[in-house]
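A.B. asks: Sequence below, structure please.
(4 chains)
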Protein chains: 2
Amino acid sequence: MTTRTRRRADAERSIARIVAAARELLGRDPAATIDEIAAAAGVGRMTLYGHFRNRVELVEAALTDALAEGERTLSAVDLDGDPADALDRLLASSWALVGESSSLLTAAQDVLPPGRVRQLHGAPAARLEDLVRRGQRAGTFRTDLPIGWLVSAVHHLLHGAAEEVRAGRLDAADVAAVVTASVQSLLRPPPAPQK
Amino acid sequence: MTTRTRRRADAERSIARIVAAARELLGRDPAATIDEIAAAAGVGRMTLYGHFRNRVELVEAALTDALAEGERTLSAVDLDGDPADALDRLLASSWALVGESSSLLTAAQDVLPPGRVRQLHGAPAARLEDLVRRGQRAGTFRTDLPIGWLVSAVHHLLHGAAEEVRAGRLDAADVAAVVTASVQSLLRPPPAPQK
DNA sequence: GTTAACTCGTATATTCCCGTACGAGCTAAG
DNA sequence: CTTAGCTCGTACGGGAATATACGAGTTAAC
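C.D. replies: The predicted model follows:
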């Protein structure tokens, strides 16, 4: 599976640079042009088309790469022990990833077939979901809301925070603390028998 | 201010239908075409151009109209009494509005000059912010996070919920309860001196 | 050092959408 | 009923972006 028809080393390098550029530009602007990406990668547009037939293929490659890196980072996080603490650790590691690729997701939503994005996103979502479930069993997290919503809500809070930072309305230094405090509140069991 | 150069009744009707169509289509797809909007409004494209010189004017009109309706609805909400209860009432009324215009906001962000959207959005944001502030003084809402973030976070949760509903992952019947529970948790003061 | 792979420029076709121009026909308003 | 406003089709021009075609030059791999 390493080489299917044989690929030269320079091609490998070009591809890597293109994907990196795509991640960077699409991560900031979901409408980034193929020209711009090729230029940022330091290759001609034609080279890019030599490796990715479509914009679709390119976007999918960028997203896949970002998610793969995410997997690598997140799989190193220790999720044992107190679920709330584990959540803090998971969020701390997730934060940077989400911030960098926030609009890459939008780009993918625009171009990829419906559901594809969520499908590719399966692993990280499952990781969070497992943790939430464990916390629920331990009584640390709430059980009164659908778990799918809890996971989505965390997602939306992360992306929202990224947006606020980009817009300059939230200080990048504070964001980690703000996000963890918000998410912890969201997952904490509500007090009392809520009337 | 009723008639500045005089406008015929049929023109008035056309404009109203165009704006309504724009709100509906742009509320679902921020990339909706002028052709599509004209068709949905039951008028020719040229008629549309007769009333709105460019896409920008059209989008702004749609957003302004949506916000005006929002103002009308929300200003009827009683925000007195216990802040938490008032928040519930405000969310109940806000929900539908946000859901219908969720991607209209995106369309506006794409086309309008930076900051314009937020400027137009001032009133509803201020309403929520005032309520939160009052709740903070009363000790009902947390004070450990920037108020701007709290307001934004509520926003993101609302939009996120709208997205989940559209994707069929959240039942439209449950969403109101889910959203209010989530937002209340987010605004409730955290327990203890958190370690 | 020969071959196959890769790079990459120019040119061109296509598609999509915006916005304008012109003009004929309809309709509300007085 | 007259006029001014409105409707709306067709046609055109322009810009931006995607994608293809051709071909010459370069470079890694064996």
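
A.B. asks: how about the nearest residue to the spatially most central residue of chain A, chain neighbours excluded?
C.D. replies: Geometric centre of chain A, nearest residue: A:Val98, 4.3 Å, by C-alpha atoms, centre = their mean. Nearest residue to A:Val98, sequence neighbours excluded (C-beta to C-beta, 6 or more residues apart in numbering or on different chains): A:Leu158, at 4.5 Å. (Glycine included, C-beta is placed from N, CA and C.)

A.B. asks: what do you get for A:Leu105?
C.D. replies: Leaving aside its sequence neighbours, A:Leu105 sits nearest to A:Val117 (C-beta to C-beta, 6+ apart; 6.7 Å).

A.B. asks: Just give me the neighbour total for that neighbour.
C.D. replies: A:Val117 has 21 neighbouring residues, counting by other C-beta atoms under 10 Å in any protein chain shown.

A.B. asks: Verify the stated contact: it with A:Leu63.
C.D. replies: Yes. Assessed by C-beta atoms under 8 Å, A:Val117 is found in contact with A:Leu63 at 7.2 Å.

A.B. asks: what sits in contact with each of the two?
C.D. replies: Here A:Val117 and A:Leu63 have A:105, A:108 as joint contacts, going by C-beta atoms under 8 Å, 6 or more residues apart in numbering or on different chains.

A.B. asks: The residue nearest to A:Val98 contacts A:Ala96, doesn't it?
C.D. replies: No. Applying C-beta under 8 Å as the test, A:Leu158 and A:Ala96 come out as separate, 10.6 Å apart.

A.B. asks: The two - which one has more neighbours?
C.D. replies: Between A:Leu158 and A:Ala96, counting by other C-beta under 10 Å, A:Leu158 is the more crowded of the two (22 against 13).

A.B. asks: just to confirm, which helix or strand has the more buried one in it?
C.D. replies: Secondary structure from DSSP states H and E places A:Leu158 in helix A:147-166.

A.B. asks: I'd like to know how far A:Asp88 sits from B:His156.
C.D. replies: Applying C-beta to C-beta, to the nearest Å, the value for A:Asp88 to B:His156 is 20 Å.

A.B. asks: of the two, who's got more company?
C.D. replies: B:His156 (22 against 17).

A.B. asks: so how many other residues sit close to the residue nearest to the more buried one when sequence neighbours are not counted?
C.D. replies: Nearest non-adjacent residue to B:His156, counting by C-beta to C-beta, 6+ apart: A:Gly160, 3.2 Å away. Applying other C-beta under 10 Å, we find 23 other residues in the vicinity of A:Gly160.

A.B. asks: likewise A:Ala125?
C.D. replies: A:Ala125 has 15 neighbours, counted by other C-beta under 10 Å.

A.B. asks: contacting residues for the nearest residue to it once chain neighbours are set aside?
C.D. replies: Nearest residue to A:Ala125, sequence neighbours excluded (C-beta to C-beta, 6+ apart): A:Val151, at 5.8 Å. Applying C-beta under 8 Å, 6+ apart to A:Val151 gives the contacts A:125, A:128-129, A:132.

A.B. asks: Just the buried residues of stretch A:127-146, please?
C.D. replies: A:127-129, A:131-133, A:135-136, A:140-142, A:145 (16 or more other C-beta atoms under 10 Å in any protein chain shown).

A.B. asks: which among the residues you listed gets closest to A:Leu79?
C.D. replies: If you rank the buried residues of stretch A:127-146 by distance to A:Leu79 using C-beta to C-beta, A:Leu131 comes first, at 5.6 Å.

A.B. asks: Thought A:Leu79 was touching the closest one, still the case?
C.D. replies: Yes. Applying C-beta under 8 Å, one finds A:Leu131 in contact with A:Leu79, separated by 5.6 Å.

A.B. asks: what is the orientation angle of the helix or strand containing the residue nearest to the centre of chain A with helix B:83-111?
C.D. replies: Element membership for A:Val98 (DSSP H and E) is helix A:83-111. With axes from the mean of the first three to the mean of the last three C-alpha atoms, to 10 degrees defining the directions, helix A:83-111 sits at 30 degrees from helix B:83-111.

A.B. asks: Out of the buried residues of stretch A:127-146, list just those in helices.
C.D. replies: Among the buried residues of stretch A:127-146, the members found in helices (DSSP state H) are A:127-129, A:131-133, A:135-136.

A.B. asks: Redo those as a markdown table? Include distance to B:His121 and pLDDT.
C.D. replies: Shown next, in a markdown table, are those (distance: C-beta to C-beta, whole Å; pLDDT from 0 to 100):
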| residue | distance to B:His121 | pLDDT |
| --- | --- | --- |
| A:Arg127 | 35 | 96 |
| A:Leu128 | 31 | 97 |
| A:Glu129 | 33 | 97 |
| A:Leu131 | 35 | 97 |
| A:Val132 | 32 | 98 |
| A:Arg133 | 37 | 98 |
| A:Gly135 | 35 | 97 |
| A:Gln136 | 36 | 97 |
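
A.B. asks: possible to save the residues you listed as TSV with distance to DNA strand C?
C.D. replies: Formatted as TSV, these follow (distance: C-beta to the nearest atom of the strand, whole Å):
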residue	distance to DNA strand C
A:Arg127	35
A:Leu128	36
A:Glu129	37
A:Leu131	41
A:Val132	40
A:Arg133	43
A:Gly135	45
A:Gln136	45
